[in-house]
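K.L.:
Predicted model follows, preceded by the sequence.
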2 protein chains.
Amino acid sequence: MPATAAQKKGTRAAQKEARPKEIVEAALAIFARDGFAGTRLEDVAERVGISKGTIYLYFENKEELFKACVRETLGSHVKETMELAAAFDGPTPDLLREIVRRISGRLTKPAYRTILLLLISEGQRFPELVSFYHSEIIGPGAEGLGGVIQRGIDRGEFKETGLSKFPMMLMSPVIASVIWNHLFGDDVEIDPSEALQTHLDTMLDGLKA
Amino acid sequence: MPATAAQKKGTRAAQKEARPKEIVEAALAIFARDGFAGTRLEDVAERVGISKGTIYLYFENKEELFKACVRETLGSHVKETMELAAAFDGPTPDLLREIVRRISGRLTKPAYRTILLLLISEGQRFPELVSFYHSEIIGPGAEGLGGVIQRGIDRGEFKETGLSKFPMMLMSPVIASVIWNHLFGDDVEIDPSEALQTHLDTMLDGLKA
DNA sequence: TTCTACTGACTAACCAGTCAGTCAACAAGA
DNA sequence: TCTTGTTGACTGACTGGTTAGTCAGTAGAA
């Protein structure tokens, strides 16, 4: 009996182990293209190179497959970002730039972008997913950003503004540009990091104590 | 036995004239709830109090009904806003505030909000709708906002920033809060106009020459 | 040979779109 | 005003196509 995944490569056991991820990856692509209701599991299967029945060996039904896609992609990288914030001891504007840049980096990755758009479209149908997203990602993220803004205020670098109440709004240009590109990308593509850069420059100027 | 509920009011001619709007309104609600693929025309019909067949007397098919919903709701109020900008002769920050506030007012109206979310979810499937939206609303809107920012720069009220390149990003907090409320509104509702207010305060401060 | 991941034909359900039939509104004549 | 014929908005059962989900059978690794 082989011990590691690498050794098992090509064996049935290895294949079995790799299947769920393969399926989720393919499903993500098809869900992104056709939405939840519009997705045909046969298309997903074909993309993996298996038959539809196989999907049901790994996922209870279409809904569970969808949820797996969301959970798989979201992961939870919030913690490390928060640790960075705690350890940092330079000027707060630099810290804020770095953190916002990191979040933006994640938000604009293809898989994450896809999930963001899918959550917007299908969220109503999957309240548990939305609250998962809220409690695992959005909540801690907002809290973290809020903490950084507060740090700036405490250190006399930022003045007090309403932004403390809506720290997530710092990310709004990134979200808006992801949506913009999704809709109008063929005509006029926006570079989210450039949009963010511009936005941050102006905001940080306006925040200055 | 026929349903008599629909036959209460007005003449046949009046009824016929009112039908399309009734259908579009009902469809908007169901599309918003179930998405395009998920919407059953029977549900739409039931909401109006007519039978499914009647919908086909007024709309060629499901797609055309969807397009009618979008076109009906979007209208085109951009022109008047632009005229306001041309006529205004006070300080540019005040003008910008007023214009952004107006756009936000439209964006957050329930029907418009619904269309925004539907365009995000279903836009891929309806490229003509997206380009309609782009050419009728977004393009002129962006141009108008850009003009106002330029006015500020010309009058020495604003400094030159990258914002001129992405004027629509001024609206990003509104878009982000519409999406936020759509997803998380049950837990923590954001007041888009408050978010916008905060955002504008900071941005205008940062834009100051 | 045994075991099991996988197959794909099948079923049951669903729904967009159709169309022959219905009946209330209207018109016109008595 | 009443009667009667016509019109056309509307109905809803039906069709045809689609797809989620099942399961008896297969193939190939161990």
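P.N.:
Now that the structure is in, tell me what you want to look at. Residues are numbered from 1 along each chain as shown, chains lettered A, B, ... in the order given.
K.L.:
Can you tell me how far A:L118 is from B:Q124?
P.N.:
12 Å (Cβ to Cβ, to the nearest Å). Glycine gets a C-beta too; all of them are placed from N, C-alpha and C.
K.L.:
swap that for A:I175, sorry
P.N.:
Counting by Cβ to Cβ, the gap from A:I175 to B:Q124 is 18 Å.
K.L.:
same check, this time on A:A14
P.N.:
According to Cβ to Cβ, A:A14 stands 36 Å off from B:Q124.
K.L.:
ditto for A:I103
P.N.:
Separation of A:I103 from B:Q124 (Cβ to Cβ) stands at 25 Å.
K.L.:
Look at A:I175 and B:Q124 and report which has more neighbours.
P.N.:
Just comparing A:I175 and B:Q124: by other Cβ atoms under 10 Å in any protein chain shown the higher neighbour count belongs to A:I175, 23 against 17.
K.L.:
Please report how far that one lies from A:G38.
P.N.:
A:I175 sits 24 Å away from A:G38, going by Cβ to Cβ.
K.L.:
Repeat that for A:G206.
P.N.:
To A:G38, A:G206 is 43 Å away according to Cβ to Cβ.
K.L.:
Which residue of these two possesses the greater neighbour count?
P.N.:
Between A:G206 and A:G38, A:G206 has the larger neighbour count (other Cβ under 10 Å), namely 21 against 17.
K.L.:
any idea which helix or strand carries the residue lying closest to the more buried one once chain neighbours are set aside?
P.N.:
The shortest distance from A:G206 to any non-neighbouring residue, by Cβ to Cβ, 6 or more residues apart in numbering or on different chains, is to B:G206 (3.2 Å). Per DSSP states H and E, B:G206 falls inside helix B:192-207.
K.L.:
where does the residue positioned nearest the centre of chain A land on pLDDT?
P.N.:
For chain A, the residue sitting closest to the mean C-alpha position, by Cα atoms, centre = their mean, is A:Y112 at 3.9 Å. Reading off the confidence values, A:Y112 has pLDDT 91.
K.L.:
For it, which residues are in contact?
P.N.:
By Cβ atoms under 8 Å, 6 or more residues apart in numbering or on different chains, A:Y112 lies in contact with A:73-74, A:106.
K.L.:
now those residues in a markdown table, with neighbour count and secondary structure?
P.N.:
Shown next, in a markdown table, are those (neighbours: other Cβ atoms under 10 Å in any protein chain shown; DSSP: H, G, I helix; E, B strand; the rest coil):
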| residue | neighbour count | secondary structure |
| --- | --- | --- |
| A:T73 | 19 | helix |
| A:L74 | 20 | helix |
| A:R106 | 19 | helix |
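K.L.:
My guess is A:E122 contacts B:F36. True?
P.N.:
No - here A:E122 does not reach B:F36: they are 11.9 Å apart, not a contact under Cβ atoms under 8 Å.
K.L.:
what do the two both touch?
P.N.:
Between them, A:E122 and B:F36 have A:35, B:121 as joint contacts when contacts are counted by Cβ under 8 Å, 6+ apart.
K.L.:
Report the separation between A:F158 and DNA strand C.
P.N.:
Look at A:F158 and DNA strand C: by Cβ to the nearest atom of the strand, to the nearest Å, they are 52 Å apart.
K.L.:
quick one: secondary structure of the closest residue to that residue other than its chain neighbours?
P.N.:
In space, A:F158 comes closest to A:G152 once its chain neighbours are excluded; the distance is 3.5 Å by Cβ to Cβ, 6+ apart. Following DSSP: H, G, I helix; E, B strand; the rest coil, A:G152 is assigned to helix.
K.L.:
what's the following helix or strand after the longest helix anywhere in chain A?
P.N.:
When chain A is parsed with DSSP state H, its longest helix is helix A:12-38. Sequence-wise, the next helix or strand downstream of helix A:12-38 (DSSP H and E) is helix A:41-48.
K.L.:
So which bits of stretch A:174-193 are buried?
P.N.:
A:174-184, A:190, A:192 (16 or more other Cβ atoms under 10 Å in any protein chain shown).
K.L.:
In contact with A:H134, which residues are there?
P.N.:
Contacts of A:H134 by Cβ under 8 Å, 6+ apart are B:183-184, B:187.
K.L.:
so the helix or strand containing A:R71 versus helix A:41-48, what angle?
P.N.:
Following DSSP H and E, one finds A:R71 within helix A:62-74. Between helix A:62-74 and helix A:41-48, the angle comes out at 40 degrees (axes from the mean of the first three to the mean of the last three Cα atoms, to 10 degrees).
K.L.:
List the buried residues for helix A:62-74?
P.N.:
Going by 16+ other Cβ under 10 Å, helix A:62-74 has these buried residues: A:62, A:65-74.
K.L.:
what helices or strands is that helix leaning on?
P.N.:
helix A:12-38, helix A:41-48, helix A:110-122, helix A:127-133 (3 or more Cβ pairs under 8 Å, 6 or more residues apart in numbering or on different chains; DSSP states H and E).
K.L.:
Which residues does that helix contact?
P.N.:
Under the contact criterion Cβ under 8 Å, 6+ apart, helix A:62-74 has outside partners A:20-21, A:23-24, A:27-28, A:31, A:36, A:39, A:41, A:44, A:55, A:59, A:111-112, A:114-115, A:118-119, A:122, A:126, A:128-129, A:132-133, A:136-137.
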